[in-house]
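Undergrad: Fold the following and give me the result.
(one chain, ligands or ions: 2)
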Amino acid sequence: MGGAAVAVLAAATARRKSGPFVSLFSRAARRLHDAAETAAAEEDKAGTQSRRRRRSSSSLLLGPDFLDTWDPISRDTTPQAPPRCAQADYDRTATIIDGKSIAEDIRFHIAEEVCQMKRSVGHVPGLAVVLVGDRRDSESYVRYKVKGCEEVGIKSLLAKLPGNCSEDEVMDSVSRFNEDPSVHGILVQLPLPEFMDEERILSTISLEKDVDGFHPLNVGNLALRSRNPLFVPCAAKACIELLLQSGIELMGKHVAVIGRSKVVGLPTSLLLQRHHATVSVIHAFTTNPEAITRESDIVISAAGVANLVRGSWLKQGAVVIDVGTNPIEDPTSDYGYRLTGDVCFEEAVNVASAITPVPGGVGPVTIAMLLGNTLDSAKRVYGQSD
Ligand SMILES: NC(=O)C1=CN([C@@H]2O[C@H](COP(=O)(O)OP(=O)(O)OC[C@H]3O[C@@H](n4cnc5c(N)ncnc54)[C@H](OP(=O)(O)O)[C@@H]3O)[C@@H](O)[C@H]2O)C=CC1
Ligand SMILES: Nc1nc(=O)c2c([nH]1)NC[C@@H]1CN(c3ccc(C(=O)N[C@@H](CCC(=O)O)C(=O)O)cc3)C=[N+]21
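TA: Ligands and ions are numbered 1, 2, ... in the order given. Sure, this is the predicted structure:
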């Protein structure tokens, strides 16, 4: 018999044997607790401790085998060639949202504020990046970040560690940056090597320097209406910035967000709700995603699957924000590959009213938001925040 069943039975027995209602309830509750403890101890002996730990105490009321919903479910992740998009054979209707120029404007304002900070307190903001391993994509993203810092006068520091270093070495780098007063923002470039415990490393980053906004407390505060996180993840901020700067209203709009990762999908869906949008989250287990996107005024895709969103997935006049940045083979390109989004641009451009391109859409604004978060962090330290 499972622990919960033992506990419920003990409570029923207590109820039958006991006297007046009030003491009956407290005695029964105590017995329920005692029985649960005994059952748990038995389970531990049987070596099922980890399974029990995943259940919340209230799950005792739901049944012994109430599942932890985040348990991993394996699925086929073999890379597949992306579907081909139809070539456009009629006029484009969508406005192309120019992320590069929006990012340039943001950087201009950041550069002004950095100059002002240097004049008034004699310090500039500092961003530290921890890069583990030698993934080509990660190396180029980090290069963009360092270049962005240089452009606006933010000091950048880079800790580059080999892919076979230990988790402790990564944590040591983070700790050193935590203690360095010239560093106001710390970013650990993801993904980390598979053997490393990502959550453990990320939660070492000081909350006040978590410019990526991935710390559980920042995520939690983003989710709660009455609270404000210190930092909001940069890609999520970039999506909202692109929409707002393009004059697109969010309140009451139906937005489909494809993806639910902590880097993009989850914070984007939370931030959209703070802007009073109605959000549908689509993920890898969503059946018939196109039925949801077709009902949506705005579609934000961050699945990392090239050409996932077809023109036929979109409502006429929808706004499309394509976060996906997927390398696909292209022998005609200098590097043998080129970047493409999650959206079949050639198809979507004929249906949407506005769309971000890849490259040149969300990416440059994400970097600008990172610089902005670093500036905000330094302003907080030097008592210059609004
Ligand atoms: N331009 C920019 O600024 C940035 C771009 N990116 C890009 O955005 C993309 C997503 O990044 P990230 O969030 O880190 O990736 P993850 O792999 O961490 O998350 C992908 C998400 O998409 C979902 N998903 C995967 N396949 C499908 C599918 N076929 N249908 C519906 N949902 C699917 C997954 O669902 P499930 O949860 O069920 O597994 C998961 O929630 C990548 O291409 C990345 O390079 C990322 C950050 C910034
Ligand atoms: N801790 C952490 N934080 C992140 O924010 C984070 C991360 N890890 N790991 C990887 C993803 C990906 N990401 C991108 C940022 C900018 C572009 C970008 O600037 N893209 C250019 C590409 C230009 C080009 O290469 O040609 C564009 O779309 O125009 C892309 C992707 C941030 N991520």
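Undergrad: What's the nearest residue in the stretch 101-250 of the chain when you look at ligand 1?
TA: Of the residues in the stretch 101-250 of the chain, the one nearest ligand 1 is Ala235, at a distance of 3.8 Å by C-beta to the nearest ligand atom. (C-beta placed from N, C-alpha, C; glycine too.)
Undergrad: burial count for Asp168?
TA: Asp168 has 10 neighbouring residues, counting by other C-beta atoms under 10 Å.
Undergrad: go on, Arg200?
TA: Number of residues near Arg200 (other C-beta under 10 Å) recorded here: 11.
Undergrad: Now name the helix or strand holding it.
TA: Using DSSP states H and E, Arg200 maps to helix 198-202.
Undergrad: does any bit of that helix sit next to ligand 1?
TA: No: figure legend: helix 198-202 not in contact with ligand 1 (C-beta under 6 Å from any ligand atom); closest approach 10.6 Å.
Undergrad: buried residues in that helix?
TA: Of the residues in helix 198-202, 198, 201-202 count as buried by neighbour count, 16 or more other C-beta atoms under 10 Å.
Undergrad: helix or strand right after it?
TA: helix 216-223.
Undergrad: what does the average pLDDT come to for that next one?
TA: For helix 216-223, mean pLDDT is 96.
Undergrad: ok, now stretch 354-364?
TA: For stretch 354-364, mean pLDDT rounds to 97.
Undergrad: again, but for stretch 271-286
TA: Averaging pLDDT along stretch 271-286 gives 97.
Undergrad: Stretch 123-141: end-to-end distance?
TA: 26 Å (C-alpha to C-alpha, to the nearest Å).
Undergrad: what distance separates the helix holding Arg200 from the centre of its chain?
TA: How far helix 198-202 lies from its chain's middle: 14 Å, per C-alpha atoms, centre = their mean, to the nearest Å.
Undergrad: list the helices and strands it packs on?
TA: On a contact count with 3 or more C-beta pairs under 8 Å, 6 or more residues apart in numbering; DSSP states H and E, helix 198-202 meets helix 167-179.
Undergrad: Would you indicate which residues of the helix it packs on are buried?
TA: Buried residues in helix 167-179, defined by neighbour count with 16+ other C-beta under 10 Å: 167, 170-171, 173-174, 177-178.
Undergrad: Could you take those and lay them out as CSV, with extra columns for pLDDT and distance to ligand 1?
TA: CSV is the format used below for the buried residues of helix 167-179 (pLDDT from 0 to 100; distance: C-beta to the nearest ligand atom, whole Å):
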residue, pLDDT, distance to ligand 1
Glu167, 97, 20
Val170, 98, 19
Met171, 98, 22
Ser173, 98, 22
Val174, 98, 20
Phe177, 98, 22
Asn178, 98, 24
